[in-house]
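In: Turn this into a model:
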Amino acid sequence: MAPLDEQKGIWKQKGTGKSRKTPKGRQHDDAALEQVRALIGDRPRRRDLLIEFLHLIQDRYGHLSADHISALAHEMRMAQAEIYEVATFYAHFDVIRDGDTPPPALTIRVCDSLSCEMAGARQLKSALEEGLDPAQVRVLRAPCMGRCDTAPVIELGHHHVDNATPEKVMAAVGAGRTHPVIPPYQPLADYAAEGGYRTLADLRGSGDWQAVQEKILSAGLRGLGGAGFPSGRKWGFVRANPGPRYLAVNGDEGEPGTFKDRYLLEREPHVFLEGMLIAAWAVEAEKCFIYMRDEYPAVLHILHKEIEALEKAGIAPAGYIDLRRGAGAYICGEESSMIESIEGKRGLPRHRPPFVAQVGIFDRPTLVHNVETLYWVTRVCREGPEVLSGTERNGRKGLRNYSVSGRVRQPGVHLLPAGSTIADIIEAAGGMLEGHEFKAYQPGGPSSGLLPASIDDVPLDFDTLQPLGSFIGSAAVVVLSDKDRARDAALNMLRFFEDESCGQCTPCRTGCEKAVKLMQADDWDQTLLEDLCDVMADASICGLGQAAPNPIRLVMKHFGDEVGCSAPDARGATSYGNQKGEV
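Out: Next up is the predicted model:
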């Protein structure tokens, strides 16, 4: 065996005969390491907490410096490249390289989703850029913030300015308003005084999960995040797999035009929380994860406070409910992407099978529910299936919370029968704005595309819109008038998809980019766009790329005069009246 000083090793410098004092690569800075350790405190250095730790640094210093990334990598025993790829995936982390200037202390994000753009967001952003010193305040465009009923909206730090004007924003900047305004809501004491958590206690004492599952199924409750899968049926799928099992709440309500979850959580958070604990009891979940979007700072504050109250009251064990904070990635609304993010990774959709009911968080069976779904779980268990199934309209049973925005007098969340048509919804929202004539509507977020005003007798519910090339999705209804162009609305939607594509698959990543370029022509190349839509719909990994063609196809079909395409009959080959047997 060769002498030790002649042996080769990773610490040996070629030709010098000397050993390295440090490993290769960037070395951590001691001061930055102490800062990171002070922020993390005694929290466990687990890989799945990486995004939470990045939030701590971003909140404290306003950006993620190379020194802090290096120090965090050292503290967590991770490669710096791993941390860098996660940090740069999410829009709300500002990664600053050596030599780059950190962003200013204040950042204004101007929402540019469809409702806000219709309300003048583009002009608002231009006015703010002209009226503010960029060295002091940064002005950025941002995707939907879930406040479409008060468009246009900006976020200053974590403070939202609704119905924003340059004057209102300047006043908020001058006053240093950067913290969220917490709305009045029902705390645990008030909820418990009305009988809250009594149903949960009874079920924990002597309940039969299969009987509860049948009650949920008989109510007709389906997933209200967009997929529409029968909610109770999920429970049996998850329980069929050996434990440990988990429950994950998808609170990443990022579909532009959607704000019903925020509406419920800012008013009755414990109705949702009890439903979550009932579902967790049903599948014997060892832990509940709530993944809440970062654009809802008031909701995050409320949930943090009320989860602590549940723990103090003994309703939930300490640590049983794990509240996780998103970081600005629409793709994390897809359930497997959300699970990847909960595990501290980039939010890249997983290939299926296996499904998350079999292989979810930490590769264990996981029940995934939307916020509104769990809200109704509580009400069905407490009031009986009739709370949903007892309402019928146009042959459809149930109730739906419609998020309504755009050219209506009273935008907001409207609880209506699931068989409501767009005419019913506009009436509930106070009718069209004065001087505006109904032209088109988005029935369920950008993924659902645009339908013309002539299709006003179709119930906006599950399964009714698919024959028309659309779907209800998250029931995000945006109403357009004769003052709007359908082609501009579709371009807004495709720009959103282009920005929010995770980039994992070529059909979605490149397809959205090419579509945006083609849609800016005066006359659309219908043949080329149809071919592109086919590839995206057939070959994309997840629903983002698969549904992104809908706005393109529906504009060419119903608003061809705006894009130089011939338009067939607005409804297509058949009417809803002829489709009822198929629904």
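
In: quick one, helices of the stretch 101-250 of the chain?
Out: For the stretch 101-250 of the chain, the helices defined by DSSP state H, counting those that start in this stretch cover 114-118, 121-131, 166-175, 188-193, 198-206, 209-219, 231-239.

In: of all these, which lies closest to residue 148?
Out: With Cβ to Cβ as the criterion, residue 148 lies closest to helix 114-118 of these, at 3.9 Å. In short, each C-beta sits where N, CA and C put it, glycine included.

In: List the contacts of that closest one.
Out: 110, 144, 148, 151-153, 256-257, 405-407, 411, 442, 446, 478, 480, 484, 489, 492-493 (Cβ atoms under 8 Å, 6 or more residues apart in numbering).

In: for the record, mean pLDDT for that helix?
Out: Taken as a whole, helix 114-118 has a mean pLDDT of 97.

In: same thing with stretch 132-145?
Out: Averaging pLDDT along stretch 132-145 gives 96.

In: Kindly check the end-to-end length of that stretch for me.
Out: This stretch, stretch 132-145, spans 22 Å end to end (Cα to Cα, to the nearest Å).

In: one step back: buried deepest among the helices of the stretch 101-250 of the chain, which one?
Out: Stretch with highest mean neighbour count among these: helix 114-118 (a mean of 27; mean count of other Cβ atoms under 10 Å).

In: So residue 44, which state does it fall into?
Out: Following DSSP: H, G, I helix; E, B strand; the rest coil, we place residue 44 in the coil state.

In: Please report the distance of it from residue 269.
Out: 27 Å (Cβ to Cβ, to the nearest Å).

In: Among these two, which residue is more densely surrounded?
Out: residue 269 (23 against 7; other Cβ atoms under 10 Å).

In: so which helix or strand takes in the spatially closest residue to residue 265 that is not a sequence neighbour?
Out: Leaving out its chain neighbours, the residue that sits closest to residue 265 by Cβ to Cβ, 6 or more residues apart in numbering is residue 299, at 4.7 Å. If you go by DSSP states H and E, residue 299 is part of helix 297-312.

In: Filter the contacts of helix 114-118 down to the ones in strands?
Out: Among the contacts of helix 114-118, the members falling in strands (DSSP state E) are 110, 405-406, 442, 478, 480.

In: pLDDT of the helix holding residue 299, averaged?
Out: 98.

In: And that helix, what does it pack against?
Out: Counting contacts by 3 or more Cβ pairs under 8 Å, 6 or more residues apart in numbering; DSSP states H and E, helix 297-312 packs against helix 188-193, helix 260-265, helix 269-282, strand 285-292, strand 321-325.

In: Show me which positions of it end up buried.
Out: 297-300, 302-303, 306-307, 309-310 (16 or more other Cβ atoms under 10 Å).

In: One more: stretch 482-499?
Out: Here stretch 482-499 shows 484-498 as buried, counting by 16+ other Cβ under 10 Å.

In: circling back: quick one, which of the helices of the stretch 101-250 of the chain is nearest to residue 550?
Out: Here helix 114-118 is closest among the helices of the stretch 101-250 of the chain (Cβ to Cβ), at 13.8 Å.

In: Now do the closest one: distance to the chain's middle.
Out: 18 Å (Cα atoms, centre = their mean, to the nearest Å).

In: pretty sure residue 59 belongs to a strand, no?
Out: No: checked against three-state DSSP, residue 59 lies outside a strand; its state is helix.

In: Pretty sure residue 513 sits against residue 495.
Out: No: Residue 513 is not in contact with residue 495 according to Cβ atoms under 8 Å; the separation is 10.0 Å.

In: For burial, what's the neighbour tally of the closest residue to residue 97 other than its chain neighbours?
Out: Leaving out its chain neighbours, the residue that sits closest to residue 97 by Cβ to Cβ, 6+ apart is residue 66, at 5.8 Å. Residue 66 has 18 neighbours, counted by other Cβ under 10 Å.

In: Report the contact partners of residue 66.
Out: Contacts here follow Cβ under 8 Å, 6+ apart; on that basis residue 66 touches 26, 96-98.

In: I would like a ChimeraX command selecting only the buried ones among the residues you listed, please.
Out: Remark: buried members of those, expressed as a ChimeraX selection using 16+ other Cβ under 10 Å:
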select :96
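
In: Out of the buried residues of stretch 482-499, which sit inside helices?
Out: 486-498 (DSSP state H).

In: Redo those residues as JSON lines? Include pLDDT.
Out: Below are those laid out as JSON lines (pLDDT from 0 to 100):
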{"residue": "486", "pLDDT": "97"}
{"residue": "487", "pLDDT": "97"}
{"residue": "488", "pLDDT": "98"}
{"residue": "489", "pLDDT": "98"}
{"residue": "490", "pLDDT": "98"}
{"residue": "491", "pLDDT": "98"}
{"residue": "492", "pLDDT": "97"}
{"residue": "493", "pLDDT": "97"}
{"residue": "494", "pLDDT": "97"}
{"residue": "495", "pLDDT": "97"}
{"residue": "496", "pLDDT": "97"}
{"residue": "497", "pLDDT": "97"}
{"residue": "498", "pLDDT": "97"}
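
In: Just put these in CSV and tack on distance to residue 565.
Out: Output for these, formatted as CSV (distance: Cβ to Cβ, whole Å):
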residue, distance to residue 565
486, 12
487, 10
488, 16
489, 16
490, 12
491, 15
492, 19
493, 17
494, 16
495, 20
496, 22
497, 21
498, 21
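
In: hmm, back to that, tell me the one of the ones in strands among the contacts of helix 114-118 nearest residue 454?
Out: residue 480 (13.2 Å).

In: Not counting sequence-adjacent ones, nearest residue to that closest one?
Out: Of all residues not flanking residue 480 in the chain, residue 440 sits nearest, at 4.3 Å (Cβ to Cβ, 6+ apart).

In: Isn't that neighbour up against residue 450?
Out: Yes: with contact defined as Cβ under 8 Å, residue 440 and residue 450 form a contacting pair (5.0 Å).

In: Mutual contacts of these two, please.
Out: Counting by Cβ under 8 Å, 6+ apart, the residues touching both residue 440 and residue 450 are 480, 486, 489, 558-559.

In: From residue 281, how far out is the nearest residue to residue 277 once chain neighbours are set aside?
Out: Spatially, and ignoring its direct neighbours in sequence, residue 277 is nearest to residue 200 (5.4 Å; Cβ to Cβ, 6+ apart). Relative to residue 281, residue 200 is positioned 7 Å away (Cβ to Cβ).

In: before we move on, what about residue 353?
Out: According to Cβ to Cβ, residue 353 and residue 281 sit 27 Å apart.

In: more neighbours, these two?
Out: Each of residue 353 and residue 281 has its neighbours counted (other Cβ under 10 Å); residue 281 has more, 16 against 7.

In: In the stretch 351-500 of the chain, mark out all the helices, start to finish.
Out: Shown for the stretch 351-500 of the chain, the helices assigned by DSSP H, counting those that start in this stretch span residues 371-383, 386-389, 422-428, 486-500.

In: Quick check: which of those helices is nearest to residue 136?
Out: For those, proximity to residue 136 was assessed by Cβ to Cβ; helix 486-500 is nearest, at 26.2 Å.

In: ok, residues contacting the closest one?
Out: 112-114, 117, 143-144, 254, 256, 329-331, 439-440, 442, 446, 449-450, 480, 508, 512-513, 515-516, 519-520, 544-545, 548, 551-552, 554-555, 558-559, 562-563.

In: Drop anything exposed from those residues.
Out: 112-114, 117, 143-144, 254, 256, 329-331, 439-440, 442, 446, 449-450, 480, 508, 512, 515-516, 519, 544-545, 548, 551-552, 554-555, 558-559, 562-563.

In: out of the residues you listed, which are inside strands?
Out: Mapping those onto strands (DSSP E) picks out 439-440, 442, 480.

In: quick one: which of those residues is nearest residue 138?
Out: Set against residue 138, the nearest of those by Cβ to Cβ is residue 442 (30.3 Å).

In: give me the number of residues near the closest residue to residue 251 other than its chain neighbours?
Out: Among residues not flanking residue 251 along the chain, residue 292 sits closest, at 4.0 Å (Cβ to Cβ, 6+ apart). Burial of residue 292 is recorded as 25 neighbouring residues (other Cβ under 10 Å).
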